[in-house]
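Undergrad: From the sequence below, what's the structure:
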Amino acid sequence: MEKQRWAIFDLDNTIATMNHRLAKATVNGKIDYDLLHQEYLITYDTPMYDTIDLINSLARFNIGIFILTGRYESTKVATEEWLNHYKVHYDKLVMKSNKDKYAKSDQWKENQMHIFMEDLKLSYDNIILSSDDHAKNQTMFESWGIPCLDPNILCTK
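TA: Below you'll find the model as predicted:
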(Lines give C-alpha, C1' and ligand atoms only; values in the text may rest on other atoms or scores of the structure.)
Protein backbone atom coordinates (compact mmCIF):
# COMPACT_ATOMS: atom_id res chain seq x y z
CA MET A 1 0.00 0.00 0.00
CA GLU A 2 1.33 3.41 -0.98
CA LYS A 3 1.88 5.75 1.95
CA GLN A 4 -0.25 8.87 1.85
CA ARG A 5 1.03 10.55 5.02
CA TRP A 6 4.66 11.27 5.79
CA ALA A 7 6.89 12.63 8.54
CA ILE A 8 10.30 14.19 7.90
CA PHE A 9 13.13 13.73 10.40
CA ASP A 10 16.63 15.12 10.59
CA LEU A 11 19.27 12.64 11.77
CA ASP A 12 22.14 14.27 13.66
CA ASN A 13 21.01 15.52 17.07
CA THR A 14 17.44 14.52 16.24
CA ILE A 15 17.65 10.71 15.96
CA ALA A 16 21.31 10.30 16.96
CA THR A 17 23.42 12.36 19.32
CA MET A 18 26.77 13.03 17.72
CA ASN A 19 28.56 14.60 20.71
CA HIS A 20 31.48 12.16 20.62
CA ARG A 21 31.98 12.62 16.87
CA LEU A 22 31.74 16.40 17.21
CA ALA A 23 34.32 16.43 20.02
CA LYS A 24 36.73 14.34 17.91
CA ALA A 25 36.25 16.64 14.90
CA THR A 26 36.71 19.93 16.76
CA VAL A 27 40.26 21.24 16.67
CA ASN A 28 41.13 24.63 18.20
CA GLY A 29 37.43 25.51 18.34
CA LYS A 30 36.83 24.77 14.65
CA ILE A 31 34.94 21.81 13.23
CA ASP A 32 36.74 19.68 10.67
CA TYR A 33 33.69 18.60 8.64
CA ASP A 34 35.58 15.93 6.72
CA LEU A 35 36.59 14.32 10.02
CA LEU A 36 33.08 14.80 11.42
CA HIS A 37 31.74 12.71 8.53
CA GLN A 38 34.16 9.79 8.84
CA GLU A 39 32.26 6.51 8.77
CA TYR A 40 34.16 4.92 11.64
CA LEU A 41 33.08 7.71 14.00
CA ILE A 42 29.36 7.19 13.30
CA THR A 43 29.42 4.02 15.39
CA TYR A 44 29.96 6.26 18.45
CA ASP A 45 26.69 8.15 17.90
CA THR A 46 24.15 7.49 20.65
CA PRO A 47 20.45 6.94 19.97
CA MET A 48 17.82 9.48 20.96
CA TYR A 49 15.25 6.94 22.06
CA ASP A 50 12.28 9.30 22.40
CA THR A 51 12.62 10.29 18.75
CA ILE A 52 13.16 6.68 17.69
CA ASP A 53 10.05 5.62 19.63
CA LEU A 54 8.05 8.38 17.91
CA ILE A 55 9.31 7.35 14.47
CA ASN A 56 8.51 3.68 15.02
CA SER A 57 5.07 4.52 16.44
CA LEU A 58 4.25 6.66 13.40
CA ALA A 59 5.41 3.86 11.09
CA ARG A 60 3.01 1.43 12.81
CA PHE A 61 0.21 3.77 11.70
CA ASN A 62 1.43 3.52 8.07
CA ILE A 63 3.01 6.96 8.11
CA GLY A 64 6.04 7.09 5.84
CA ILE A 65 9.30 8.11 7.44
CA PHE A 66 11.58 10.35 5.39
CA ILE A 67 15.01 10.96 6.94
CA LEU A 68 16.46 14.12 5.43
CA THR A 69 19.97 14.71 6.73
CA GLY A 70 22.91 16.97 5.98
CA ARG A 71 25.20 14.00 6.63
CA TYR A 72 27.45 13.31 3.69
CA GLU A 73 26.35 10.60 1.30
CA SER A 74 29.81 9.05 1.62
CA THR A 75 28.69 7.80 5.06
CA LYS A 76 25.56 6.09 3.75
CA VAL A 77 26.66 2.51 4.54
CA ALA A 78 27.65 3.35 8.13
CA THR A 79 24.50 5.44 8.56
CA GLU A 80 22.21 2.65 7.35
CA GLU A 81 24.02 0.15 9.58
CA TRP A 82 23.54 2.47 12.56
CA LEU A 83 19.83 2.97 11.79
CA ASN A 84 19.30 -0.78 11.40
CA HIS A 85 21.28 -1.56 14.57
CA TYR A 86 19.02 0.75 16.62
CA LYS A 87 15.91 -0.48 14.76
CA VAL A 88 14.97 2.93 13.36
CA HIS A 89 12.24 2.48 10.76
CA TYR A 90 12.56 4.61 7.63
CA ASP A 91 11.17 4.49 4.13
CA LYS A 92 13.44 7.06 2.49
CA LEU A 93 16.88 8.41 3.37
CA VAL A 94 18.35 11.44 1.59
CA MET A 95 21.88 12.64 2.38
CA LYS A 96 24.04 15.47 1.05
CA SER A 97 26.03 14.66 -2.04
CA ASN A 98 29.55 16.00 -2.53
CA LYS A 99 28.26 18.77 -4.82
CA ASP A 100 25.81 19.91 -2.10
CA LYS A 101 28.42 19.81 0.66
CA TYR A 102 28.44 23.59 1.21
CA ALA A 103 24.75 24.28 0.59
CA LYS A 104 22.94 25.99 3.46
CA SER A 105 20.97 23.41 5.41
CA ASP A 106 17.57 25.10 5.29
CA GLN A 107 17.78 25.81 1.55
CA TRP A 108 19.09 22.34 0.73
CA LYS A 109 16.41 20.63 2.85
CA GLU A 110 13.66 22.76 1.35
CA ASN A 111 14.80 21.82 -2.16
CA GLN A 112 15.07 18.11 -1.28
CA MET A 113 11.63 18.17 0.37
CA HIS A 114 10.10 19.60 -2.82
CA ILE A 115 11.86 17.01 -5.01
CA PHE A 116 10.56 14.25 -2.71
CA MET A 117 7.02 15.63 -2.80
CA GLU A 118 7.06 16.02 -6.58
CA ASP A 119 8.35 12.46 -7.05
CA LEU A 120 5.52 11.03 -4.93
CA LYS A 121 2.93 13.59 -6.07
CA LEU A 122 2.35 14.75 -2.48
CA SER A 123 0.84 17.99 -1.24
CA TYR A 124 1.79 19.76 1.97
CA ASP A 125 -1.24 18.17 3.64
CA ASN A 126 0.46 14.78 3.19
CA ILE A 127 3.38 15.84 5.43
CA ILE A 128 1.99 15.60 8.96
CA LEU A 129 5.11 16.69 10.85
CA SER A 130 8.84 17.19 10.85
CA SER A 131 11.56 17.18 13.48
CA ASP A 132 14.86 19.05 13.28
CA ASP A 133 17.29 20.49 15.81
CA HIS A 134 18.19 23.64 13.82
CA ALA A 135 15.98 26.72 14.20
CA LYS A 136 16.37 27.76 10.53
CA ASN A 137 15.18 24.32 9.40
CA GLN A 138 12.29 24.43 11.88
CA THR A 139 11.26 27.83 10.51
CA MET A 140 11.53 26.57 6.93
CA PHE A 141 9.26 23.56 7.58
CA GLU A 142 6.75 25.67 9.49
CA SER A 143 6.69 28.26 6.66
CA TRP A 144 5.16 25.48 4.52
CA GLY A 145 2.55 24.65 7.18
CA ILE A 146 4.43 21.57 8.42
CA PRO A 147 4.62 21.39 12.24
CA CYS A 148 8.22 20.91 13.39
CA LEU A 149 9.15 19.27 16.67
CA ASP A 150 12.34 20.38 18.37
CA PRO A 151 14.08 17.14 19.47
CA ASN A 152 15.71 18.98 22.37
CA ILE A 153 12.23 19.42 23.85
CA LEU A 154 10.95 16.01 22.72
CA CYS A 155 13.81 13.92 24.11
CA THR A 156 14.28 13.23 27.77
CA LYS A 157 16.68 10.29 27.41
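Undergrad: Skip the chain neighbours and tell me the closest residue to Arg21.
TA: Using Cβ to Cβ, 6 or more residues apart in numbering and skipping residues adjacent in sequence, the residue nearest Arg21 is Leu41, 4.4 Å away. Bear in mind the C-beta positions are built from the backbone N, C-alpha and C, glycine included.
Undergrad: so what secondary structure elements neighbour the helix or strand hosting that neighbour?
TA: Using DSSP states H and E, Leu41 falls within helix 39-42. Packing partners of helix 39-42 (3 or more Cβ pairs under 8 Å, 6 or more residues apart in numbering; DSSP states H and E): helix 19-25, helix 76-85.
Undergrad: Output those helices in TSV, with mean neighbour count appended to each entry.
TA: Shown next, in TSV, are the helices and strands packed on helix 39-42 (neighbours: other Cβ atoms under 10 Å):
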stretch	mean neighbour count
helix 19-25	15
helix 76-85	15
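Undergrad: count of residues packed around Asp106?
TA: Neighbourhood size, Asp106 [other Cβ atoms under 10 Å]: 18.
Undergrad: Contacts for the helix or strand hosting it next, please.
TA: Using DSSP H and E, Asp106 sits within helix 105-120. Contacts to helix 105-120, defined as Cβ atoms under 8 Å, 6 or more residues apart in numbering, come from residues 8, 66, 68, 70, 92, 94, 96, 100, 122-124, 126-127, 132, 134, 136-137, 139-141, 144.
Undergrad: Of the residues you listed, keep whichever come out buried.
TA: 8, 66, 68, 70, 94, 96, 122, 126-127, 132, 134, 137, 140-141 (16 or more other Cβ atoms under 10 Å).
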